[in-house]
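> The following comprises the amino acid sequence and a computationally predicted model.
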Amino acid sequence: MATIRLERILDTTLREGEQAPNVYFRPEEKCTIAEMIYRALGPKGALEIGQPYSPKYKEGVEAVVKHFKEIGLENALLQSHCRVLRQDVDIAWECGTRGITVFMAASDKHLLYKLNGLSYEEALRRIKEVISYAKEKVGFEFVEYTLEDATSMPIEKAIEVSKVAEEAGADMVKIPDTKGQAEPDAFRDLITRLVEAVEIPVDLHCHNDRGLAVANSIAGLKGGAKSVNVAVMGIGERCGIADFATIVENLESLYGVETGVDFKRLPELYAYISAVTGFAIPPNSPIMGIYARTHKAGTHQKAVLQDPETYETIDWSKYGLEREYEFGAMQSKELIHKLLEGHGLSEDQKMRIVNRIRDISMDKGRPLRRSEVWRLIEQETGARIALSKEHGGFINAIVFMKVKPSCDEGSLIKLIRKTFMEESVPIVIKDMTGDWDFIIDVRGLRSLEQLDRLTDRIRRENHEILETNTSIVFDEYG
């Protein structure tokens, strides 16, 4: 097995991730996301935090840089993402990031259709000139060059462009599979040849259009690359890029790589990104999807209760997570026996419960929630048994709000946002017609008590609110 020598993980949720359709992060959300990711990444981590050359996104980059200084993380490697243009480099420097990524394609179609017929020779000249300017004249501590659409070029040209970037002073060259078209073996060969040709480290940025982003990233690392790009939930342009959790889990448990990642921070990080983007974490998503650790079939449940390695290869405890079981038509009797261990119920009582669960599940066409199972147990036995916690760890809710006609809606919305963001709880506020004036979509709550405290505070601080009503969200369907 090839040795992987990982030196850096670059998270680009705040740059690539914000290019995902329908994703728009507010500056205060970017600060929270950046801090959560940085603390999860560990010592090998770096963050790409946005494209400051775009006026609408400059504010977010500046907010993150300021926030990191305020919390004592001014030495964190934050990178801006810019075109190969001097004015972009200047704007990034003004924003205060220590690092910068400059990108320009040199593939035939990009030169023709994106760069208006720019010649290959002129592209090389610009790449050399701007990298040198960013490193030597402006003074960026870290300059990375991205050879956009690298997998559409002959390997000889990809090597030539990378050497130009290296000679101009680049500290790292990024090879993206921009269209997600690479095949793992071929991508590994490309990276192997490139690593042999240049002295500076090679970075990887693999898109997931064909579902191969993780496979290609690992193949490229086997080929000698020392850095890899990830995004939380894999979000990004089109189908996104390699997923953070999937990459680091596989690097550690399959390849023995010490990533330095704090795995216990990942569930909360994923819940927060899910909340602010509005994207539910797909339940069948590897690693972080709830189905990844849920067992349905009775024979599976029986085996896993005796030895989890019968059907699992991932240690959920390092994430602070627990394995789950579905209570339904395939229900094993062993799970109910385990659940009711120590409660003194007879075998007949337990089997009646098993059969009731199976029957109700088939009638309803869905599994039973934990709370439904406990209620059923109480009905069958007359025993009051303490409720077990529901899976997931986070609560979503909808808050309905009615206000006086005289209400200053702008001030109210600012108050609501400020109150929830102070505890890093993402929300979406919707103005509506009908019996209620506003709906607040609240995601990623730690407890019902937290929701009560936040809504009480809002009501105390704004006396224009006439009424609120809260509903807990059990399930979300895409």
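Great, that's in hand.
> gap between Trp331 and Lys350?
One thing to correct before we go on: residue 331 is Gln, not Trp. To Lys350, Gln331 is 11 Å away according to CB to CB, to the nearest Å. (Each C-beta comes from the backbone N, C-alpha and C, glycine too.)
> neighbour count winner among the two?
Using other CB atoms under 10 Å, the more surrounded residue of Gln331 and Lys350 is Gln331, with 25 against 19.
> OK, contacts around the more buried one?
With contact set as CB atoms under 8 Å, 6 or more residues apart in numbering, Gln331 has these partners: Gly298, Gln301, Val354, Ile357, Arg358, Ser361.
> Am I right that it is in a helix?
No - if the criterion is DSSP: H, G, I helix; E, B strand; the rest coil, then Gln331 is coil and not within a helix.
> from the contacts of Gln331, which is closest to Asp149?
Gln301 (48.0 Å; CB to CB).
> For that closest one, pull up the helix or strand it's in.
Here Gln301, judged by DSSP states H and E, is contained in helix 298-306.
> With Ile398 instead?
Per DSSP H and E: Ile398 is located in strand 395-403.
> buried sites along that strand?
For strand 395-403, burial by neighbour count (16 or more other CB atoms under 10 Å) applies to Ile395, Asn396, Ala397, Val399, Phe400, Met401, Val403.
> ok, now stretch 138-154?
138, 140, 142-153.
> cool, stretch 309-328 as well?
Neighbour-count burial for stretch 309-328 flags Ile314, Trp316, Tyr319, Leu321, Arg323, Glu324, Tyr325, Glu326, Phe327, Gly328 (criterion: 16+ other CB under 10 Å).
> Quick one: classify the first one as helix, strand or coil.
For Ile314, the assignment made with three-state DSSP gives coil.
> contacting residues around it?
Applying CB under 8 Å, 6+ apart, the residues near Ile314 are Glu249, Ser253, Ile287, Ala292, Arg293.
> Could you list the low-confidence segments of this protein?
Along the chain, segments meeting pLDDT under 70 span 383-393, 475-478.
> Longest helix in it, by number of residues?
Ranked by number of residues, the top helix in the chain under DSSP state H is helix 347-364.
> before we move on, the earlier item: nearest to Ser54 among the buried residues of stretch 309-328?
Tyr319 (35.2 Å).
> Quick one: the strands in the stretch 201-350 of the chain, in order.
Applying DSSP state E, counting those that start in this stretch to the stretch 201-350 of the chain gives strands spanning 202-206, 227-230, 294-295, 324-325.
> Strand partners (parallel or antiparallel) of the last one?
Right, the one you point to is strand 324-325. strand 294-295 (parallel) (DSSP bridges).
> Which residues does the partner strand contact?
Gln301, Val304, Tyr311, Arg323, Glu324, Tyr325, Glu326, His391.
> Likewise for stretch 205-219?
4, 12, 16, 146, 174-185, 187-188, 191, 204, 220, 228-230, 234, 236-243, 246-247, 250-251, 255.
> Out of these, which end up buried?
Using 16+ other CB under 10 Å, the buried members of the contacts of stretch 205-219 are 4, 12, 16, 146, 174-178, 180-182, 184, 187-188, 191, 204, 220, 228-230, 234, 236-237, 240-243, 246-247, 250-251.
> how about the CA coordinates for stretch 2-21, as CSV?
Output of stretch 2-21 as CSV, limited to C-alpha atoms (Å, rounded to 0.1, in the frame of the first residue of the first chain):
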residue,chain,number,x,y,z
ALA,A,2,1.3,3.4,-1.0
THR,A,3,2.4,5.7,1.9
ILE,A,4,0.3,8.9,2.3
ARG,A,5,2.2,11.8,3.7
LEU,A,6,-0.5,14.3,4.5
GLU,A,7,0.8,17.7,5.6
ARG,A,8,-2.4,19.8,5.3
ILE,A,9,-6.2,19.7,5.0
LEU,A,10,-7.7,22.8,3.4
ASP,A,11,-11.3,23.3,4.3
THR,A,12,-13.1,25.4,1.6
THR,A,13,-16.6,25.3,2.9
LEU,A,14,-16.7,29.1,3.1
ARG,A,15,-15.4,29.5,-0.5
GLU,A,16,-16.3,26.4,-2.6
GLY,A,17,-19.2,25.6,-0.3
GLU,A,18,-20.8,29.0,-0.9
GLN,A,19,-20.7,28.3,-4.6
ALA,A,20,-23.3,25.5,-4.0
PRO,A,21,-26.7,26.5,-5.4
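> now it: how far from the chain's centre is it?
Relative to the centre of its chain, stretch 2-21 is centred 10 Å away, using CA atoms, centre = their mean, to the nearest Å.
> What's the separation between Gly96 and Val425?
As judged by CB to CB, Gly96 and Val425 stand 28 Å apart.
> Between those two, tell me which one has more neighbours.
Under the criterion of other CB under 10 Å, the comparison of Gly96 against Val425 puts Val425 first, with 21 against 17.
> I'd like the distance between that one and Ala397.
Val425 is 10 Å from Ala397, by CB to CB.
> again, but for Lys109
Here Lys109 is placed at a distance of 48 Å from Ala397 (CB to CB).
> can you check Ile159 too?
54 Å.
> Ok, Val198 next?
As judged by CB to CB, Val198 and Ala397 stand 52 Å apart.
> what's the answer for Ile465, then?
Counting by CB to CB, the gap from Ile465 to Ala397 is 17 Å.
> quick revisit: can you name every helix or strand that the helix holding Gln301 contacts?
Here helix 298-306 touches helix 333-339, going by 3 or more CB pairs under 8 Å, 6 or more residues apart in numbering; DSSP states H and E.
> please redo it, this time with the cut-off set to 10 Å
When contacts are defined as 3 or more CB pairs under 10 Å, 6 or more residues apart in numbering; DSSP states H and E, helix 298-306 packs onto strand 294-295, strand 324-325, helix 333-339.
> Next, the angle from that helix to helix 347-364.
130 degrees (axes from the mean of the first three to the mean of the last three CA atoms, to 10 degrees).
> Now do the buried residues in helix 298-306.
Neighbour-count burial for helix 298-306, counted by 16+ other CB under 10 Å, picks out Gly298, His300, Gln301, Lys302, Ala303, Val304, Leu305.
> right, and Leu448 touches Ala397 too?
Yes - contact status for Leu448 versus Ala397: in contact at 8.2 Å, counting by CB atoms under 10 Å.
> Spell out for me which residue occupies the centre of this structure.
The centroid of the chain falls nearest to Val232 when counting by CA atoms, centre = their mean (1.6 Å).
> quick one, what contacts it?
11-14, 17, 33, 36-37, 40, 240, 243-245, 266, 269-270, 272-274, 277, 281, 288 (CB atoms under 10 Å, 6 or more residues apart in numbering).
> hmm, 6 Å instead?
Going by CB atoms under 6 Å, 6 or more residues apart in numbering, Val232 touches Thr13, Phe244, Ile273.
> next one: Glu48
Counted by CB under 6 Å, 6+ apart, Glu48 has contacts Leu10, Thr12, Arg15, Gln79, His81.
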